[in-house]
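A.B. asks: mind looking at a prediction? Sequence and model below.
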Amino acid sequence: MNVALDYQKNCVVVLEIDLPSDRVSTEWNTISTEFQKKARLPGYRPGKAPASLIATRYAKDIEEEVKTKLVGEAIREAVKTHNLKIHAVEEVEKVEIAADKTMKILAKIVQNPEFELPDYKNITVEVEKKTVTDKDVEALLEYLRDPHSKFDPVTDRPLAMGDYAVVTYEGTVEGEPISQIAPKAPAQIQGRRNAWVLMDEGTLIPGFAKAIEGMEIAQERTFALEVPESFPVEELRNRQVTYAVTLHAINTRTPAPLDDELAAKIEPGQTLEGLRKKIRERQEENAAYQFEMAKRNAVVTKLLSLFTCELPERLVESETNYILKDIVGDSQARGISDEEIKAHTQEIIQNASQTASNRVRSNFLLARIADEEKIEETDAEVYSAVLEMAERQQTPVKKLAGELARGGGINRLRDQIRMTKALDLLASGATVTQPAASQAV
């Protein structure tokens, strides 16, 4: 077997492989014999049809099987012989079997990038570690307390800031309903019936609460508001919105007493002090988790700053597309209009491309470190990962395992486990310092 290598940019290597006729002929005869054993042809007992007839009738099928088998074998042999660190076979561009049974293969493979490993055993990173304070505990306790508040109707005075107004209202722009001008705007901006509205400066469009302050129950009021340029609904920016409002009721909120009775409602069996203690424990666990994640990200960012390398172009493109789908989906879920997303298309693509490049580069780095440290995954770890995926996707384990095996997903899962263990090793050995601002506090 003769192999010519053409090293190209972006980790691509083109293999030109020539297989001799004796190897191709041997494989051809082997596969022809298998066809002969299985063939069912009129006038012949199973497996007894002449080889010449089999060769004629099934020529194309035999040729395809020969190509499939020898292409895989030839590429694996070429990779091993020339010590190529293959990441994937990108494309088999040409496979030809000549009349003399010689075979020519032209294939494009992607190598793992070559780079010198940075010093990953002596890493110092700056990461802030949050300390849970009494203020943090009380803030969450207040949040948990809020749903248990009592609301009392007010009938002897006008609407004031801090009240909860029950209103019916509709917004228009130049006489057209907001629902037509900005159909994707949140319903509370367009208008609602018998809606509870907190009298606060941040409610709806800036100025709305002030505009209805002082209203009496059953009173109607119409007013116009100038929408600021920073408003999240793009179609309404720098425009005047007119609201027609009818006030139906006024309510005041009285927080529930902070006592053991409230604690038991929030978490059955708890006292107030016990609830405070549990809240602190959970916040400290969350702070420790956030610190660990920040440390791991900081370690990867630091290492990425210490080396550069070429990256497989298609792999980066694939990761970029995956990230773009996430960005667009998240933006739409947050109510950002398609027009606004399109207006920032270039910026979004650039950010996604940079993130993808860093992610791909960090994966190659962690895989190299895993090799260097002889980190291996266990079957138990793979099974645990598949089980977790099955539970998350609500799919039977056996079905998911089969799908992963057929699509190469098990091998990717093994690689991911090794990379995660490599990152665990890096994070555990890193030296962490606190930012100067945190130390000053």
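C.D. replies: Yep, that arrived. Residues are numbered from 1 along each chain as shown.

A.B. asks: now the strands for the chain?
C.D. replies: 2-7, 12-19, 86-97, 103-111, 124-126, 150-154, 164-173, 176-177, 191-198, 220-226, 240-254, 431-433 (DSSP state E).

A.B. asks: pLDDT-wise, which helix or strand of this structure ranks last?
C.D. replies: helix 436-440 (a mean of 60; mean pLDDT, DSSP states H and E).

A.B. asks: need the strands of the chain in a markdown table (columns: mean pLDDT and distance to Cys309).
C.D. replies: Glycine gets a C-beta too; all of them are placed from N, C-alpha and C. Shown next, in a markdown table, are these (pLDDT from 0 to 100; distance: least, Cβ to Cβ, whole Å):
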| stretch | mean pLDDT | distance to Cys309 |
| --- | --- | --- |
| strand 2-7 | 94 | 14 |
| strand 12-19 | 95 | 14 |
| strand 86-97 | 91 | 13 |
| strand 103-111 | 95 | 11 |
| strand 124-126 | 95 | 22 |
| strand 150-154 | 95 | 62 |
| strand 164-173 | 96 | 54 |
| strand 176-177 | 94 | 56 |
| strand 191-198 | 95 | 54 |
| strand 220-226 | 96 | 53 |
| strand 240-254 | 96 | 53 |
| strand 431-433 | 94 | 26 |
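
A.B. asks: could I get these as CSV with distance to Glu213 and mean neighbour count?
C.D. replies: Below are the strands of the chain laid out as CSV (distance: least, Cβ to Cβ, whole Å; neighbours: other Cβ atoms under 10 Å):
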stretch, distance to Glu213, mean neighbour count
strand 2-7, 74, 12
strand 12-19, 68, 18
strand 86-97, 65, 15
strand 103-111, 65, 19
strand 124-126, 48, 15
strand 150-154, 14, 12
strand 164-173, 9, 20
strand 176-177, 25, 12
strand 191-198, 12, 14
strand 220-226, 10, 13
strand 240-254, 11, 17
strand 431-433, 51, 12
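
A.B. asks: how near is the closest residue to Val14 other than its chain neighbours to Arg76?
C.D. replies: Counting by Cβ to Cβ, 6 or more residues apart in numbering, Val14 lies nearest to Asp6, which is 4.1 Å off, once chain neighbours are set aside. Between Asp6 and Arg76 the computed distance is 19 Å (Cβ to Cβ, to the nearest Å).

A.B. asks: ditto for Asp18
C.D. replies: The value you get for Asp18 to Arg76, if Cβ to Cβ is used, is 16 Å.

A.B. asks: try Ala160
C.D. replies: 79 Å.

A.B. asks: do the same with Thr168
C.D. replies: Following Cβ to Cβ, the distance that separates Thr168 from Arg76 is 73 Å.

A.B. asks: still on that earlier bit, just to check, the residue nearest to Val14 is in contact with Glu16?
C.D. replies: Yes. Assessed by Cβ atoms under 8 Å, Asp6 is found in contact with Glu16 at 7.2 Å.

A.B. asks: what sits against Arg23?
C.D. replies: By Cβ atoms under 8 Å, 6 or more residues apart in numbering, the contact list for Arg23 reads Met1, Leu70.

A.B. asks: quick one on the thing from earlier: looking at the strands of the chain, which is nearest to Leu366?
C.D. replies: strand 86-97 (14.0 Å; Cβ to Cβ).

A.B. asks: list the strands paired with that closest one, with their directions.
C.D. replies: Partners of strand 86-97 in the sheet, by DSSP bridges, are strand 103-111 (antiparallel).

A.B. asks: just want the angle from the partner strand to strand 2-7.
C.D. replies: Interaxial angle of strand 103-111 relative to strand 2-7 (axes from the mean of the first three to the mean of the last three Cα atoms, to 10 degrees): 30 degrees.

A.B. asks: low-confidence bits of the chain, can you list those?
C.D. replies: 47, 437-441 (pLDDT under 70).

A.B. asks: okay, now the domains of it?
C.D. replies: 2-111, 150-254, 274-440 (automatic domain parsing).

A.B. asks: for Ala263, find the nearest of these.
C.D. replies: domain 274-440 (4.2 Å).

A.B. asks: so how far is Gln8 from the nearest residue to His148 once chain neighbours are set aside?
C.D. replies: Nearest in space to His148, with sequence neighbours left out and distances taken as Cβ to Cβ, 6+ apart, is Ala256 at 4.0 Å. From Ala256 across to Gln8, the span is 69 Å (Cβ to Cβ).

A.B. asks: of the two, who's got more company?
C.D. replies: Ala256 (16 against 9; other Cβ atoms under 10 Å).

A.B. asks: so what's the more buried one up against?
C.D. replies: Arg145, His148, Ser149, Lys150, Leu262, Lys265.

A.B. asks: separation between the second one and Glu377?
C.D. replies: Computed as Cβ to Cβ, the His148 to Glu377 distance reads 48 Å.

A.B. asks: among these two, which residue is more densely surrounded?
C.D. replies: Neighbour count, other Cβ under 10 Å: between His148 and Glu377, Glu377 has more, with 18 against 13.

A.B. asks: what sits closest to that one if chain neighbours are left out?
C.D. replies: Closest to Glu377 by Cβ to Cβ, 6+ apart is Ile417, at 4.1 Å.

A.B. asks: ditto for Ala98
C.D. replies: Lys104 (7.5 Å).

A.B. asks: ok, Ile205 - contacts?
C.D. replies: Gly171, Ile189, Leu225, Val227, Phe231, Leu236, Val241.

A.B. asks: make that Lys295, sorry
C.D. replies: Here Lys295 is in contact with Val125, Val127, Ala427, Ala430, Val432 (Cβ under 8 Å, 6+ apart).
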